[in-house]
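Trainee: Below is the sequence, then the predicted model.
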Amino acid sequence: MALENPRTTTVRLRDKDPDSKIGVVLPIRKGQNGFFKQSSTLLEQTKSNLKNLLLTVKGERLAQPEFGSNIYNVLFENMDSGFSKKIEDSIREAVAKWLPHVILNAVIIDASHNTNTVNISVQYSLVNDAKALDSLSLNLMRAGD
Amino acid sequence: MASVKTRPKQVNYLSKNFTGFKSDLMEFAKTYFPTSYADFNESSPGMMFIEMASYVGDVLSFYIDEQFRESLLVYAEERKTIFDIAQSYGYKPIMAAPAVANIDFFQTVPATGTGANVKPDYRYGHLVKIGSTIESEEYSRTFRTLSEVDFKHSSSMDNTNADIYELDEDGVTPTKYLLKKSCKAVSGTEKTETFEFTTAVAYDQIKLGHGPVLEILSVKDSDGNDWYEVESLAQDIIYDDVVNDAEFDENLAAYNETTPYILKLIRTQKRYKTKIDIDKRTILQFGSGTATSADEEVIPNPTTVGNSFTNSNYLNNNSALDPANFLTTSVYGSAPTQTTLTVVYTIGGGIESNVPSNTITTKRSLITSINSSGLDSALVRESFRSIAVNNPVPATGGRGEESLKEIKENTRQYFQAQNRSVSKEDYITRIYNLPPKFGNIAKVYITQDDQINAGEGVIQEQTITQQTLDEFGGEIPISKVQQRMPNPMALNFYVLGFNHNKKLTAVNQATKRNIKTYLGPYRILTDAVNLKDAYVINIGVRFSIYVKKGFNKQEVILKAINNVRDYFDPDKWQINQPIILADIAYEISLVDGVNNVVPPVANNPSGNLVVVDNKFNQANGYSGNIYDIQSATKNGIVYPSLDPAIFELKFPEIDIVGKVLGDY
């Protein structure tokens, strides 16, 4: 059943309404109703938004030069002892600014010298529902194909 | 089933940029798709689509703004649009301006006569025609003469100087004279191009191969017909000139010394207009007509003007007349067909054409003529070979193309002028612009015409009698009194010319006719023009001065007289200009050595600082116009007469009388 006044509906109520959609999810693909696949809960949508935010380089987005994170800039710095900290700081700074409703419970950086890859795992919850947890994993390569 | 009435979606048309569109699209989604989309965070992938749409909107807005801006001359920035707009207003951007040089032409002629009557034999004077080319070899710049150089004739506007060039063995009697005349010449290299035309093409265009073009000198077709440049193809009347001889008009031919040509207007269908392309080259565009005879004079009638409706209903439709009717005639000129057009034009100009003085000294191609009947052929050849040229002052005026800013400003100025004579200044400038070969106009003064109100009931008698006064009951209304009323439909042009001694004289009938012809196309339909002669009031000037001690009195008085002569220089003087006596005294006081200017004692009852006398005796060469200067002098200013008149110091050598009363 659709909500009577969706504009004033709380997130919690909206999440419980199966007919109410939040936004488009990544990767962009066809949805069941013929349009793009959409999310039905805020937590689900946040995963796509977080991915979009972290993988966007600052200056890349038209008319929003501050949008994005510094992960890609840090990625090609020397893999010294402070490398993981810099990436974590970049993630926390971007999330604090652009996704303030997200609580980062854990940010795990696994940088591998041998494979030249950096695995990032972010565990997060929402401000309005701290119990609902989700995680996002990103596998980034420093060089190569 | 009852129909559901849906409200149309509200679209905001006010946004113009990315932020505005984005905000509107978000608001639109919130309003109309609240359950389909609710994530408006920047990091949302859905916002990517909204921002992409905003991006497209921003780009479209930019181009709409750009298009609109480019459609307005004031704001346009693209070179092409500025060129197009300027030319749609009738202004042709100048791609290069030629340098203009004053050229001295010299020629030797043999002497004729004996004893005290030895003088130049002007029969050997050549006529150097317009378009003769001379060159500055050092700077590789060619110049073309703009007026005829006729060594035979001399006038105040076109003086011939004669100096002794060679003496015979006794060292006293001249055997040859050196004649000198001046004319103007413009820089430019002449180019000739031919263009083939087969079948007629409406509004055909040809592009000249070289540029920037300074001037198109001639366009001739295979049959020798001239094609004329017009401002727009709808203009079918152009100026032409004919020699002022008895064959043309016996009466006017009497004035051909001072007015060698008569201006006339001709109607032609062989015409073209020019356009300037952004690559600085000139395009000639022709008309659409194909008729072989002059058919411009289409008399408007139901078959030539109107629409094609067969019943009278169209009368109720407020229909416009069908302009396509005119396309079947030659009102826009002929399209050239089965012919070859030869276009002669000049290119060049620019700052480099401003060559220094004494560098234009080479004769390149002189077009001359002389009536050699009864003349010694050897002397004719010798006199021709003796022709020499020089530019005593540097050529000036050459410049490159106008900047876009200049084109914009000049277009606005040109459009406002409308090429019509509306104000008094427009008419004056236009008359002064008449080329000298159509007669010399030295002074012009314009007043509104007036007339006497001789309507019904207006008292015609010059003196009001007691009987008339009684008839009106002792009080006559002003409307019943004969008085001069302004005539808003006519202008009086008071003109004067110079004679061969540069003295003011009445303008001859041939010149007046040329003025009328010349003003015709520029004149407003309802402006009637009366050409009249202004009065010349000849004057003399008397003054007295004290000289400073230690100065040569003779020298000081001569300089003072010269200053008075300069003050009354006819070039600076205008019709109806009053004489301010204090100004003359001031000019005298500027002379080094003048201590004081004092009122002349003799015949100066008002005690003016400087005395102006009327000189009128025709036997002494004056105009014969008597003017009471004493009555016309108020507060040290000599006012001219009510009828337009000009003060002239005709013989400064005798008309200026200065006295030195002493020194201290």
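Mentor: On my side now, so go ahead. Numbers count the residues shown, from 1 in each chain, chains lettered A, B, ... in the order given.
Trainee: ok, residue 141 - contacts?
Mentor: You didn't say which chain, so I picked chain A. A:116, A:117, A:118 (Cβ atoms under 8 Å, 6 or more residues apart in numbering or on different chains). The C-beta positions use only the backbone N, C-alpha and C, and glycine is treated the same way.
Trainee: Sorry, I should have been clearer: chain B.
Mentor: Contact partners of residue B:141, counting by Cβ under 8 Å, 6+ apart, are B:99, B:135, B:187, B:348, B:352, B:353, B:355, B:360, B:395.
Trainee: just curious, which of these is nearest to chain A?
Mentor: Of all the contacts of residue B:141, chain A sits closest to residue B:352, with 50.0 Å by Cβ to the nearest Cβ.
Trainee: picking that back up, among the contacts of residue B:141, name the buried ones.
Mentor: Among those, those buried by neighbour count (16 or more other Cβ atoms under 10 Å in any protein chain shown) are B:99, B:135, B:187, B:348, B:353, B:355, B:360, B:395.
Trainee: By pLDDT, rank those residues and give me the bottom one.
Mentor: Among the buried ones among the contacts of residue B:141, residue B:348 carries the lowest pLDDT, at 84.
Trainee: Contacts only, for that one.
Mentor: B:96, B:98, B:141, B:142, B:187, B:188, B:189, B:214.
Trainee: Between those, which sits nearest residue A:78?
Mentor: Taking Cβ to Cβ as the measure, residue A:78 lies nearest residue B:96 of the contacts of residue B:348, at 63.9 Å.
Trainee: right, and that closest one touches residue B:214 too?
Mentor: Yes - using Cβ atoms under 8 Å, residue B:96 makes contact with residue B:214 at a distance of 6.2 Å.
Trainee: At the contact with chain A, which residues of chain B appear?
Mentor: B:18-19, B:22, B:30, B:34-39, B:41-46, B:48-49, B:51, B:54-55 (Cβ under 8 Å from any Cβ of the partner chain).
Trainee: what number of residues lie near residue A:106?
Mentor: As a burial measure, residue A:106 scores 11 neighbours (other Cβ atoms under 10 Å in any protein chain shown).
Trainee: cool, residue A:107 as well?
Mentor: 18.
Trainee: Leaving out sequence neighbours, find the closest residue to it.
Mentor: Leaving out its chain neighbours, the residue that sits closest to residue A:107 by Cβ to Cβ, 6 or more residues apart in numbering or on different chains is residue A:88, at 4.7 Å.
Trainee: quick one: the one you found is in a helix?
Mentor: Yes - counting by DSSP: H, G, I helix; E, B strand; the rest coil, residue A:88 is part of a helix.
Trainee: follow-up on the earlier one: filter the contacts of residue B:348 down to just the ones in strands.
Mentor: B:141, B:142, B:187, B:189, B:214 (DSSP state E).
Trainee: Go through those residues and name the one nearest chain A.
Mentor: Once Cβ to the nearest Cβ is applied, the member of those that ends up nearest chain A is residue B:214, at 50.9 Å.
Trainee: secondary structure class for the residue in the stretch 1-150 of chain B positioned nearest to chain A?
Mentor: Scanning the stretch 1-150 of chain B for the residue nearest chain A gives residue B:39, at 3.1 Å (criterion: Cβ to the nearest Cβ). Judged by three-state DSSP, the three-state class of residue B:39 is coil.
Trainee: Quick check: closest non-adjacent residue to whichever residue of chain A sits closest to chain B.
Mentor: The minimum distance from chain A to chain B, using Cβ to the nearest Cβ, falls at residue A:23 (3.1 Å). Excluding the flanking residues, the one nearest residue A:23 by Cβ to Cβ, 6+ apart is residue B:39, at 3.1 Å.
Trainee: now residue B:192
Mentor: Per Cβ to Cβ, 6+ apart, closest to residue B:192 is residue B:344, 5.1 Å.
Trainee: correct me, but the one you found touches residue B:213?
Mentor: No - look at residue B:344 against residue B:213 with Cβ under 8 Å: they stay out of range, at 10.9 Å.
Trainee: more neighbours, these two?
Mentor: Higher neighbour count among residue B:344 and residue B:213: residue B:213, with 23 against 15, using other Cβ under 10 Å.
Trainee: Chain A: strands as residue ranges?
Mentor: Under DSSP E, chain A gives strands at A:102-112, A:117-126, A:129-141.
Trainee: for chain B, which helix is longest?
Mentor: Taking DSSP state H as the criterion, chain B has its longest helix at helix B:45-70.
Trainee: Tell me which of the strands of chain A sits most buried.
Mentor: Of all those, strand A:117-126 carries the top mean neighbour count, a mean of 18, counting by mean count of other Cβ atoms under 10 Å in any protein chain shown.
Trainee: what's it packed up against?
Mentor: In terms of contacts (3 or more Cβ pairs under 8 Å, 6 or more residues apart in numbering or on different chains; DSSP states H and E), strand A:117-126 is packed against helix A:42-54, helix A:83-98, strand A:102-112, strand A:129-141.
Trainee: Just the buried ones from the residues of chain B next to chain A?
Mentor: B:18, B:22, B:34, B:36-39, B:41-46, B:48, B:51, B:54.
Trainee: For the residue nearest the centre of chain A, give its distance to residue A:65.
Mentor: Compute the mean C-alpha point of chain A, and by Cα atoms, centre = their mean the closest residue is residue A:50, 1.0 Å away. Note on residue A:50: its distance to residue A:65, by Cβ to Cβ, to the nearest Å, is 20 Å.
Trainee: just residue B:90 next, same as before
Mentor: For residue B:90, the distance to residue A:65 - Cβ to Cβ - is 49 Å.
Trainee: Give me the more crowded residue out of those two.
Mentor: residue B:90 (15 against 10).
Trainee: Give me the neighbour count for residue B:214.
Mentor: 26.
Trainee: Hmm, it is touching residue B:99, no?
Mentor: No - counting by Cβ under 8 Å, residue B:214 sits too far from residue B:99 to count as a contact (10.1 Å).
Trainee: Need the overlap of contacts for those two.
Mentor: B:186, B:187, B:349.
Trainee: what's the helix or strand for the residue nearest to residue B:192?
Mentor: strand B:339-347 (DSSP states H and E).
Trainee: and that strand, what other elements does it pack with?
Mentor: So strand B:339-347, by 3+ Cβ pairs under 8 Å, 6+ apart, packs with strand B:189-197, strand B:213-220.
Trainee: quick one, what contacts residue B:263?
Mentor: Residue B:263 sits next to B:239, B:240, B:241, B:434, B:438, B:513, B:514, B:517, B:518 when contact means Cβ under 8 Å, 6+ apart.
Trainee: ok, residues contacting stretch A:106-119?
Mentor: A:75, A:79, A:83-84, A:87-88, A:91-92, A:120-123, A:137-144.
Trainee: if we can go back for a sec, which of the helices and strands packed on strand A:117-126 has the lowest average pLDDT?
Mentor: Looking at those, the lowest mean pLDDT belongs to strand A:129-141 (a mean of 90).
Trainee: surely the residue nearest to the centre of chain A meets residue B:43?
Mentor: Yes - counting by Cβ under 8 Å, residue A:50 touches residue B:43, with 7.1 Å between them.
Trainee: I'm done for today, thanks for sticking with me.
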